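predicted model and sequence below, questions to follow.
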Amino acid sequence: MMFAIFFAFWRFMQIITLIPTMGMLSYFVNGFVQLNQLTPNYVLVLFIVSVLALAWAIYTLFSYHQSSANATFISLVDLLFVGAFIGAVWALRFIAGADCTSIRRGDPYDVSLGPFGSASLTNWDSSTDKSCAMLKASFAFGIMNCVFFFVTSVVACLHRDRSAASDRGTYYRETHHHRHGHRSSRAPSRHSSHSHRRVYV
């Protein structure tokens, strides 16, 4: 039960962060395709990893019974996605130090306060570079998914160990019960043969 709760929660977190990542990066891929230019590696790598990770997260979430039965395979694939996201984030690392928002001081203006005089105020203008902000958000979501997929990999690995221990305990109980039942089935036969034995004088 706890495996189902943790697994579903972190899968939802992965899906929630991967959908906007895929959408923002597809905007860049579409723009480069329309210009008939090659998409840069720092966009293409993270886009491909996000698409594959999103498909994997959705599949394993809605096929939970198969996922719980194949916990070892789920853990291994999630760990591979951790490495893929690390490589994709490393390719986009230059955007981490970029300043996507600039604030400029506008022209001052006076506001009349009636009998109390007037006040001089300053207008501040802010502008955000859309492309820079989208790449930076994709970079942040990539780092988050490194952590999310590592968590699901550990959860699946722990579930595998617990399932193996449970199977061993079930096998031991069934074997013990079978042996005990076999012994008890022998006892009446001996008793019955002894009770029907005739004595001649």
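Structure received. Numbers count the residues shown, from 1 in each chain.

low-confidence ranges in this protein?
Under the criterion pLDDT under 70, the flagged ranges of the chain are 1, 64-69, 104-126, 159-201.

now the helices for it?
Per DSSP state H, the chain carries helices over the ranges 2-34, 41-62, 64-69, 71-91, 130-195.

and those helices: which comes nearest Ile103?
Smallest distance to Ile103 across the helices of the chain (Cβ to Cβ): 14.4 Å, for helix 130-195. Using the backbone N, CA and C atoms, a C-beta is placed for each residue, glycine as well.

show me what contacts Val82?
Val82 sits next to 146, 149-150, 153 when contact means Cβ atoms under 8 Å, 6 or more residues apart in numbering.

farthest pair in those?
Checking these with Cβ to Cβ, the most distant pair is Cys146 and Ser153, at 10.9 Å.

quick one on the thing from earlier: and the contacts of Val82 as CSV, adding distance to Asn70?
Below are the contacts of Val82 laid out as CSV (distance: Cβ to Cβ, whole Å):
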residue, distance to Asn70
Cys146, 23
Phe149, 16
Phe150, 19
Ser153, 13
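
looking at these, which is nearest Ser102?
For the contacts of Val82, the nearest to Ser102 is Cys146 (29.7 Å; Cβ to Cβ).

of all the contacts of Val82, which comes closest to Ile5?
Nearest to Ile5, judged by Cβ to Cβ, of the contacts of Val82 is Ser153 at 16.8 Å.

isn't that closest one right up against Ala71?
No: counting by Cβ atoms under 8 Å, Ser153 does not reach Ala71; the two are 10.1 Å apart.

how many other residues sit next to Met2?
When neighbours are defined as other Cβ atoms under 10 Å, Met2 has 10 of them.

spatially nearest residue to Arg93 (excluding sequence neighbours)?
Phe139 (7.7 Å; Cβ to Cβ, 6 or more residues apart in numbering).

Ala156 too?
That would be Ser75: by Cβ to Cβ, 6+ apart, it lies 3.9 Å from Ala156.

so what's the residue count around the one you found?
Neighbour tally, Ser75, other Cβ under 10 Å: 19.

ok, Arg11 next?
For Arg11, using other Cβ under 10 Å, the count is 23.
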